[in-house]
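**Q** any chance you could fold what I've pasted below:
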Amino acid sequence: MPSYEDDLSRFEEYNTQVLGISVDSIPSHEAWQKSIGGISYPLCSDFYPHGAVAEKFGVLRSEGFNERALFVIDKEGVVRFIDVHPIDKQPDNEVIFDVLRQLRD
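**A** All right, here's what the predicted structure looks like:
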């Protein structure tokens, strides 16, 4: 997620709002953000009811935590891109920028 912070100005060029969401609690999010030096985009807690958002998007694991996933949602609320990837991997941000370019064209 720090790489999104690093590319925030590029996301803004596409009129895009970056946000993170996980099933962790707000205090956990605050501690994590502090440990990496902070982030300036929203980090949302899907803590209660536990995983309700992740479940609606089909990325809640049976163990109670969410998959590592990227979603691009347009201004009308239509999901335009989904990438679910291994929990220890993160696709290069260029993948997302390619999607945003296609949506803009």
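
**Q** and the most centrally placed residue in the chain, what are its bridge partners?
**A** What sits nearest the mean C-alpha location of the chain, by C-alpha atoms, centre = their mean, is residue 20, with 3.9 Å. As for beta bridges, residue 20 partners with residue 43 under DSSP bridges.

**Q** can you give me the strands in the chain?
**A** All strands of the chain, identified by DSSP state E, fall at 20-22, 43-45, 68-73, 79-85.

**Q** show me what the last one pairs with in its sheet, parallel or antiparallel.
**A** Here strand 79-85 has these sheet partners by DSSP bridges: strand 68-73 (antiparallel).

**Q** what's in contact with the strand it pairs with?
**A** 57, 59, 79-91, 95-96, 99-100, 103 (C-beta atoms under 8 Å, 6 or more residues apart in numbering). For glycine as for every other residue, the C-beta is placed from the backbone atoms N, C-alpha and C.

**Q** tell me how far it lies from the chain's centre.
**A** Centroid separation for strand 68-73 versus its chain: 6 Å, with C-alpha atoms, centre = their mean, to the nearest Å.

**Q** quick one: least confident helix or strand in this protein?
**A** In the chain, no helix or strand scores lower on mean pLDDT, DSSP states H and E than helix 2-6, which sits at a mean of 91.

**Q** what's the most buried one of the strands of the chain?
**A** strand 20-22 (a mean of 18; mean count of other C-beta atoms under 10 Å).

**Q** report all helices and strands that it contacts.
**A** Secondary-structure packing of strand 20-22 (3 or more C-beta pairs under 8 Å, 6 or more residues apart in numbering; DSSP states H and E): strand 43-45.

**Q** tell me what the helix ranked longest in the chain is packed against?
**A** As assigned by DSSP state H, the longest helix anywhere in the chain is helix 93-104. If contacts are counted by 3+ C-beta pairs under 8 Å, 6+ apart, helix 93-104 sits against helix 8-13, strand 68-73, strand 79-85.
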